[in-house]
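here is my input; please provide its structure:
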Amino acid sequence: MLKFTDEHESFRALVRDVVQKEIDPHADEWEHAGIFPAHSLFKKFGSLGLIGIEYGEEFGGAAADHSYTLIFGEEIGRAASLGVAMALSVQTDMATPTLHQFGSTELKEKFLRGAISGDLVASVGISEADAGSDVAGLRTRAVIDGDEWVINGSKMWITNGAQADWICLLCRTSDEGGFRGMSQIVVPTDSAGFSVSRTLDKLGMRASDTAELTFQDVRVPVEYVIGEIGRGFQQQMGQFQNERMIASYQMVGAVELALTRTVAYLKERQAFGAPLLANQSLQYELADLASELDMMRHHNWAAAAAYMDGQDITRHATVAKLRSARLARRMADLAVQYHGGMGYVEENWPARFYRDTRLWSIGGGADEVMLRTLARMNGIIGD
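Residues are numbered from 1 along each chain as shown. This next block holds a predicted model:
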């Protein structure tokens, strides 16, 4: 069981303070622009030790345990722009974990150190137009020519893609089909042949730049491979667990704040001679949601404890991703409904919250993929 100390609470206060000062005042501006200044914002987070929380001190990390990542996730989930929160978590828990775990010392010195400090923006290149949740279907390919990889293909739905300095790219490096024969390769975005084809106009997460990337005879050194050639799929599956847990941590923070704000509004809003919250059906619905939030929070604590104990958390992370996304969607729907017309206009927070939370059931593995994984784990379907 996790035990939170005064040091944890001080860390929570630090993250909450930087979110309130460096993200919230600019959220509307960044949402309208469709992009936020990743380099300057990440530098501020990096200077406070908030990017490489669990990474080694020799590369600028804080060498803290996973309980601090949990707190970090909850607090950035309270940001006024969940798009920025997601982009931050790409840097901390989606593009860099396998580099930290499997990368060579030289590769970490060149790319991880700058990502931890916030001087370099990182992105993870997995999804393609015809291969999203079906990672085994990706086609982007790298072949060895002398002492270089030559990469051709494209990637779609890439968060931070328009601003990234380097991509943690998952691609095919052999003729083996399916999940076999893939590798992870660091690709600097200043490489000849790399281009951002376009940025995508999305329903939500509008402050986060999402791009389609093209690789046309891109050459990078062979030593830019992360870990073992041919083990990229397996490494990425491990990295997905980090991604799914940070997403669940964020949703606990996001739902907690949304619930608090909704209750406060219903106490103030008068209808039929009484506050809206005097309506028993609203009271019970919100109490039921609060109970789900408690269950989600404690599941996350159990997952974090298991992770710190060195256990396989695939099941924990799968459940967390599925249930936290659905909880957030339920909270978003109630927030809009209980705010009425005021919740349906863009000038008030529920509208953006509704649009932003919808992605959580799609990105990082759709709900249906999570259910398929759990069905297999439970013996409901065969391998």
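
in the stretch 251-383 of the chain, where is pLDDT below threshold?
383 (pLDDT under 70).

could you rerun that using 90?
Low-confidence segments of the stretch 251-383 of the chain (pLDDT under 90): 381-383.

please enumerate the strands of it.
270-271, 274-275 (DSSP state E, counting those that start in this stretch).

could I get these as TSV with distance to Val15?
Placement of C-beta: from N, CA and C, glycine included. Listed next are the strands of the stretch 251-383 of the chain as TSV, based on distance: least, Cβ to Cβ, whole Å:
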stretch	distance to Val15
strand 270-271	36
strand 274-275	33
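
which residues touch Gln283?
Neighbour list for Gln283: Leu277 [criterion: Cβ atoms under 8 Å, 6 or more residues apart in numbering].

if you set the cut-off to 6 Å instead, what comes out?
The contact partners of Gln283, by Cβ atoms under 6 Å, 6 or more residues apart in numbering, come to none.

what do you get for Lys43?
Counted by Cβ under 6 Å, 6+ apart, Lys43 has contacts Gly118.

please redo it, this time with the cut-off set to 8 Å
Ser117, Gly118, Asp119.

same list (those residues) but as TSV, adding pLDDT, distance to Lys267 and neighbour count.
TSV is the format used below for the contacts of Lys43 (pLDDT from 0 to 100; distance: Cβ to Cβ, whole Å; neighbours: other Cβ atoms under 10 Å):
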residue	pLDDT	distance to Lys267	neighbour count
Ser117	98	44	19
Gly118	98	40	23
Asp119	98	46	14
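
one step back: let me know which of the strands of the stretch 251-383 of the chain is tucked in deepest.
strand 274-275 (a mean of 12; mean count of other Cβ atoms under 10 Å).

gap between it and the chain center?
A distance of 39 Å separates the centroid of the chain from that of strand 274-275, by Cα atoms, centre = their mean, to the nearest Å.

partner strands of it, with direction?
Strand 274-275 has the following sheet partners, assigned by DSSP bridges: strand 270-271 (antiparallel).

quick one: contacts of the partner strand?
Leu276.

try stretch 83-90
23, 27, 30-31, 36, 38, 41-42, 45, 73, 76-77, 79, 122-124, 159-160, 204-209, 243, 246-247, 250, 254, 356, 359, 363.

try 7 Å this time
Contact with stretch 83-90 is made by 23, 30, 36, 38, 45, 73, 76-77, 79, 123-124, 159-160, 205-208, 246, 250, 356, as judged by Cβ atoms under 7 Å, 6 or more residues apart in numbering.

and if you look at stretch 65-74?
Residues contacting stretch 65-74 (Cβ under 7 Å, 6+ apart): 2, 8, 11-12, 15, 50, 53-54, 89, 246, 249-250, 252-253, 300, 304, 307-308.

among these, name the buried ones.
8, 11-12, 15, 50, 53-54, 89, 246, 249-250, 252-253, 300, 304, 307 (16 or more other Cβ atoms under 10 Å).

and the residue of the chain most remote from its centre, how far is that from Thr214?
Most distant residue from the mean C-alpha position of the chain: Gly273, 43.9 Å away (Cα atoms, centre = their mean). Distance from Gly273 to Thr214, counting by Cβ to Cβ, to the nearest Å: 62 Å.

packing partners for the top helix by length along the chain?
Determined from DSSP state H, the single longest helix within the chain is helix 232-268. Judged by 3 or more Cβ pairs under 7 Å, 6 or more residues apart in numbering; DSSP states H and E, the packing partners of helix 232-268 are helix 66-76, helix 82-93, helix 97-102, strand 182-188, strand 274-275, helix 280-308, helix 314-339.

now those in JSON lines, with distance to Asp147?
Output for the helices and strands packed on helix 232-268, formatted as JSON lines (distance: least, Cβ to Cβ, whole Å):
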{"stretch": "helix 66-76", "distance to Asp147": "37"}
{"stretch": "helix 82-93", "distance to Asp147": "29"}
{"stretch": "helix 97-102", "distance to Asp147": "20"}
{"stretch": "strand 182-188", "distance to Asp147": "14"}
{"stretch": "strand 274-275", "distance to Asp147": "71"}
{"stretch": "helix 280-308", "distance to Asp147": "38"}
{"stretch": "helix 314-339", "distance to Asp147": "36"}
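
which of those is buried the deepest?
helix 82-93 (a mean of 26).

output it in PDB with nothing but the alpha carbons.
Only the C-alpha atoms of helix 82-93 are listed here, as PDB (Å, rounded to 0.1, in the frame of the first residue of the first chain):
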ATOM      1  CA  LEU A  82      -5.900  18.700 -21.100                       C
ATOM      2  CA  GLY A  83      -4.200  18.900 -24.400                       C
ATOM      3  CA  VAL A  84      -1.100  20.400 -22.800                       C
ATOM      4  CA  ALA A  85      -1.300  17.900 -20.000                       C
ATOM      5  CA  MET A  86      -1.300  15.100 -22.600                       C
ATOM      6  CA  ALA A  87       1.700  16.600 -24.400                       C
ATOM      7  CA  LEU A  88       3.600  16.800 -21.200                       C
ATOM      8  CA  SER A  89       2.900  13.200 -20.500                       C
ATOM      9  CA  VAL A  90       4.200  12.200 -23.900                       C
ATOM     10  CA  GLN A  91       7.500  13.700 -22.900                       C
ATOM     11  CA  THR A  92       7.600  12.100 -19.500                       C
ATOM     12  CA  ASP A  93       6.000   8.700 -20.000                       C
END
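
what are the boundaries of the strands in the stretch 51-200 of the chain?
Using DSSP E, counting those that start in this stretch, strands in the stretch 51-200 of the chain cover 122-125, 141-145, 148-159, 166-172, 182-188, 194-199.

related to what we said a few turns ago, quick one: distance of the longest helix of the chain to the chain centre.
The answer for helix 232-268 is 9 Å, by Cα atoms, centre = their mean.

buried residues in that helix, which are they?
232-236, 239-259, 262, 265-266.
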